[in-house]
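J.: Whatever this is, show me its structure:
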Amino acid sequence: MDIRGAVDAAVPTNIIAAKAAEVRANQVNWQSYLQGQMISAEDCEFIKKFEVAHSEEKQTILTNEGHQCAKTFLNLMAHISKEQTVQYILTLIDDTLQENHQRVNIFFDYAKKTKNTAWSYFLPMLNRQDLFTVHMVSQGPRHDSPIFVEKTGN
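T.: Numbering: from 1, shown residues only. Purely as a prediction, here's the structure:
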């Protein structure tokens, strides 16, 4: 690959990808959310472990702690209102699903265990004012978004 190809591969190709890269670069101070009693110690511990894990480690975490992963992501979405942090959470969810689209099942399984639908956790996010947040929640068919794809069992 020549230098132009390397630069093209490293540069986001659209505004959403650029924003997602910017969001990923932000460091969230989970400890401050814990100290402010906005998140539980369990969620704080899990998210801190998960966000630094590499792909293989994430797969192991999701295999062993899928229920906790869904619970933590959904709790964070529900209890944190700071837009920058919500964007980070949604980008982390999207990255997780992009690595393996079958991971969407952790949200369906969690919703089933809590007698909800996966949609019920994400739909309220569509009312937010930030367009990036709304986009991340409502991504269409190119992703196995937990909001819009019914579990087919395939």
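J.: Burial check on Lys113, number of neighbours?
T.: 11 (other Cβ atoms under 10 Å). Every residue, glycine included, has its C-beta placed from N, CA and C.
J.: Spatially, what comes nearest to it if we skip its sequence neighbours?
T.: For Lys113, ignoring the flanking residues on the chain, the nearest one in space by Cβ to Cβ, 6 or more residues apart in numbering is His67 at 7.0 Å.
J.: got a list of what that neighbour touches?
T.: His67 is in contact with 106, 109-110, 113, counting by Cβ atoms under 8 Å, 6 or more residues apart in numbering.
J.: The helix or strand of the chain with the lowest mean pLDDT: what's the following helix or strand?
T.: One helix or strand of the chain scores below all others by mean pLDDT, DSSP states H and E: helix 3-10, with a mean of 47. Scanning forward in sequence from helix 3-10 by DSSP states H and E, the next helix or strand is helix 15-25.
J.: Leaving out sequence neighbours, find the closest residue to Glu65.
T.: Nearest in space to Glu65, with sequence neighbours left out and distances taken as Cβ to Cβ, 6+ apart, is Phe46 at 7.2 Å.
J.: Name the helix or strand for that neighbour, please.
T.: Here Phe46 is assigned to helix 41-52, by DSSP H and E.
J.: Off-centre distance for that helix?
T.: Mean C-alpha position of helix 41-52 versus that of the full chain (Cα atoms, centre = their mean, to the nearest Å) differs by 13 Å.
J.: Could you give the average pLDDT over the lengthiest helix in the chain?
T.: Longest helix in the chain by number of residues (criterion: DSSP state H): helix 55-79. Averaging pLDDT along helix 55-79 gives 95.
J.: now the angle between helix 41-52 and it, please.
T.: 140 degrees (axes from the mean of the first three to the mean of the last three Cα atoms, to 10 degrees).
J.: following helix 55-79, which helix or strand shows up next?
T.: helix 83-99.
J.: pretty sure Leu76 contacts Ile47?
T.: Yes. Using Cβ atoms under 8 Å, Leu76 makes contact with Ile47 at a distance of 6.6 Å.
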